[in-house]
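Peer 1: Pasting the sequence and the predicted coordinates here, then a few questions.
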Amino acid sequence: MLNRFAVILCGGSGTRLWPLSRSLKPKHLLPLNGDSTLLQQTAMRIHSKVPASHLITVTHDSHRFEVKGQLAEVLPDAVHAVIAEPVAKNTLPAVAIAVKRIYEIDPKAIVGVFASDHAIDNEAAFLSAWDSAEIAAAEGYLTLLGIKPTEPATGYGYIQPGSALQLEQGSLPIASVLSFIEKPDKQHAEKFVAAGYLWNSGMFVFRADIFMQLLARHQPEISAVLAGLNAGNLKEQYDLLPNISMDHGLVELADNVAVVPVDMAWSDLGNWESIYLRHARNDDNNVIHGDVVSIDTHDSLLWSQCGVVTALGVRNLIVVRTADATLICDRNSAENLKLLVDEVKSRYSSLAETHLTVQRPWGTYCVLGEGPYFKIKRIVVNPRSKLSLQLHRHRSEHWVVVSGIARVIKEDMEYIVNVNESTYIPAGHKHRLENPGDADLVMIEVQSGAYLGEDDIVRFQDQYGRE
């Protein structure tokens, strides 16, 4: 019987889905295709074949707590196998560090690698393709899931399939791979679709020992780093890894590569146009999300995360409103949104990085207002959670409890602050905030000082391992 593992790659910033997706809250952590997030959908889809204890998720350190929190809601046993990369190094190092862990458990294990930000409507077809891919993987093939194209898309790489492999056949055929093609222009994409080429989904299935052998042969630098990797030197060793993709670093160099063609209603939800195409449309061919009022508006995506979006007499637009930014663009320009985000980043860097409401391992904070020498936040601390023991060099803080109960440490004092009570933390004073209750602690914090940046913090104790 196969010993089956799965790896979820949970990285990337989802720039082309700005302003909803940002570097500290990227698309895989958002509910873009239903009530649950894309990560949660991916985990549950994989869990139908793989026990939660055999599921490894690789993410960036800045997303570690959000990823663990989301997995805890759907698969608590998967929380313990989250690997946090100290620095993003593309997909091959991420896959390699996970496979090394699996290889040490069972060298012959069959490993499936899947992205966390894909939408798959036909789950039965996905599982059938995975079954067929495992047949080839068991025989030593590095096997891909190739998507049957629905259009001559220019945003995907293409796979040229060869002849059928003489293997035990699953419910779907297994073919050799003749070549890989980078994202083509429209003319070449049309030729590829007509010739039966497949989209490269970025999903892989292989045996752990075969992967490690290929890595030693084609990427000895990565293989050497992995050999010296342990829990105590992750940051040091990770800095030595090259920045290279799974495709370029391994798949395109390997000899035994196979592909399983599959039609599973797949999308990588790579831009707002793909979101538009995957959502139900009303009689005017509009996709509506949130509070929207539209008249004489057609063929548009109108998405409100807060407030009311109104539209009159427009066609073919994408309008996305968040608390601090609004996007308006022609649907035909959705693929080029990165150019706009780069410009936004150069002028208003925080708008590309985070939302007004920021997730923390202990809860959230939301900036309500700010100006020279002051900032006002709404802070929510989860039940039985606490912030680090810390101090600020340049700012003082006033805390007012709105609901719940706060336990405060300030220098040598410890005391309780109840609803409609307040306390003051001077600059330079060591302090800690804790919620000892069973309900959320909600506070208003007013910061005052010459510098109010989030990096003005010195931590002394932190249960989440932050420096």
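Peer 2: Right, received. Where do you want to start? These numbers come from a predicted model, not from an experiment.

Peer 1: Low-confidence ranges, the stretch 351-467 of the chain, go.
Peer 2: Where the stretch 351-467 of the chain drops to pLDDT under 70, the residues are 466-467.

Peer 1: residue ranges of the strands in it, please?
Peer 2: Counting by DSSP state E, counting those that start in this stretch, the stretch 351-467 of the chain has strands at residues 357-360, 363-371, 374-381, 389-391, 395-403, 406-410, 413-417, 422-425, 431-434, 441-449, 458-461.

Peer 1: what's the answer for the stretch 101-250 of the chain, then?
Peer 2: Secondary structure of the stretch 101-250 of the chain (DSSP E, counting those that start in this stretch): strands at 110-115, 119-120, 142-147, 158-164, 175-181, 198-207.

Peer 1: Tabulate those strands (JSON lines), appending mean pLDDT and distance to residue 287.
Peer 2: Placement of C-beta: from N, CA and C, glycine included. As requested, the strands of the stretch 101-250 of the chain are arranged in JSON lines below (pLDDT from 0 to 100; distance: least, CB to CB, whole Å):
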{"stretch": "strand 110-115", "mean pLDDT": "96", "distance to residue 287": "23"}
{"stretch": "strand 119-120", "mean pLDDT": "92", "distance to residue 287": "14"}
{"stretch": "strand 142-147", "mean pLDDT": "95", "distance to residue 287": "23"}
{"stretch": "strand 158-164", "mean pLDDT": "92", "distance to residue 287": "28"}
{"stretch": "strand 175-181", "mean pLDDT": "92", "distance to residue 287": "31"}
{"stretch": "strand 198-207", "mean pLDDT": "95", "distance to residue 287": "23"}
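
Peer 1: I'd like these written out as TSV, with mean neighbour count and distance to residue 7 added.
Peer 2: Listed next are those as TSV, based on neighbours: other CB atoms under 10 Å; distance: least, CB to CB, whole Å:
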stretch	mean neighbour count	distance to residue 7
strand 110-115	23	5
strand 119-120	20	17
strand 142-147	28	14
strand 158-164	18	20
strand 175-181	16	21
strand 198-207	25	9
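
Peer 1: Now tabulate the ones you listed in TSV and tack on distance to residue 335.
Peer 2: What follows is these, written out as TSV (distance: least, CB to CB, whole Å):
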stretch	distance to residue 335
strand 110-115	19
strand 119-120	18
strand 142-147	18
strand 158-164	17
strand 175-181	18
strand 198-207	16
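
Peer 1: for the ones you listed, which one sits closest to residue 381?
Peer 2: strand 110-115 (33.0 Å; CB to CB).

Peer 1: Tell me the gap between the closest one and the middle of its chain.
Peer 2: 16 Å (CA atoms, centre = their mean, to the nearest Å).

Peer 1: now swap in stretch 290-301 and tell me
Peer 2: Distance of stretch 290-301 from the chain centroid (CA atoms, centre = their mean) equals 29 Å.

Peer 1: Buried residues, that stretch. List them.
Peer 2: 292, 294, 297-298, 300-301 (16 or more other CB atoms under 10 Å).

Peer 1: what mean pLDDT does it have?
Peer 2: On average, the pLDDT along stretch 290-301 is 97.

Peer 1: Please list the residues outside that stretch that contact it.
Peer 2: Stretch 290-301 is contacted by residues 272, 275-276, 279, 284-289, 302-321, 331 when judged by CB atoms under 8 Å, 6 or more residues apart in numbering.

Peer 1: again, 6 Å this time
Peer 2: Applying CB atoms under 6 Å, 6 or more residues apart in numbering, the contact partners of stretch 290-301 are 276, 284-287, 302, 304, 308-318.

Peer 1: Then stretch 224-231?
Peer 2: Contacts for stretch 224-231 (CB under 6 Å, 6+ apart): 96, 100, 237, 240-241.

Peer 1: By neighbours, which of the residues you listed wins?
Peer 2: Tallying neighbours with other CB atoms under 10 Å puts residue 96 at the head of the contacts of stretch 224-231, with 25 neighbours.

Peer 1: how about the one helix or strand that one maps to: buried residues?
Peer 2: Using DSSP states H and E, residue 96 sits within helix 91-105. Neighbour-count burial for helix 91-105, counted by 16+ other CB under 10 Å, picks out 91-100, 102-103.

Peer 1: want to throw the residues you listed into TSV with distance to residue 392 and pLDDT?
Peer 2: As requested, the buried residues of helix 91-105 are arranged in TSV below (distance: CB to CB, whole Å; pLDDT from 0 to 100):
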residue	distance to residue 392	pLDDT
91	38	93
92	40	94
93	36	93
94	35	94
95	40	95
96	40	94
97	35	93
98	38	94
99	42	96
100	40	94
102	43	95
103	45	95
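
Peer 1: which one of the residues you listed sits closest to residue 120?
Peer 2: residue 91 (18.8 Å).

Peer 1: The closest one touches residue 248, doesn't it?
Peer 2: No. Contact criterion CB atoms under 6 Å: residue 91 and residue 248 do not qualify, at 9.4 Å.

Peer 1: Quick check: the closest residue to residue 65 other than its chain neighbours vs residue 438, distance?
Peer 2: Nearest residue to residue 65, sequence neighbours excluded (CB to CB, 6 or more residues apart in numbering): residue 361, at 3.8 Å. Counting by CB to CB, to the nearest Å, the separation of residue 361 from residue 438 is 19 Å.

Peer 1: So between these two, which is more surrounded?
Peer 2: Legend: neighbour count by other CB under 10 Å for residue 361 and residue 438, higher for residue 361 (18 against 9).

Peer 1: Looking at the buried residues of stretch 290-301, which two lie furthest apart in space?
Peer 2: Longest span within these, CB to CB: 292 and 298, 13.6 Å.

Peer 1: Turn the buried residues of helix 91-105 into JSON lines, columns for distance to residue 452.
Peer 2: Compiled in JSON lines, the buried residues of helix 91-105 are given as follows (distance: CB to CB, whole Å):
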{"residue": "91", "distance to residue 452": "37"}
{"residue": "92", "distance to residue 452": "40"}
{"residue": "93", "distance to residue 452": "36"}
{"residue": "94", "distance to residue 452": "35"}
{"residue": "95", "distance to residue 452": "40"}
{"residue": "96", "distance to residue 452": "41"}
{"residue": "97", "distance to residue 452": "37"}
{"residue": "98", "distance to residue 452": "39"}
{"residue": "99", "distance to residue 452": "44"}
{"residue": "100", "distance to residue 452": "42"}
{"residue": "102", "distance to residue 452": "45"}
{"residue": "103", "distance to residue 452": "47"}
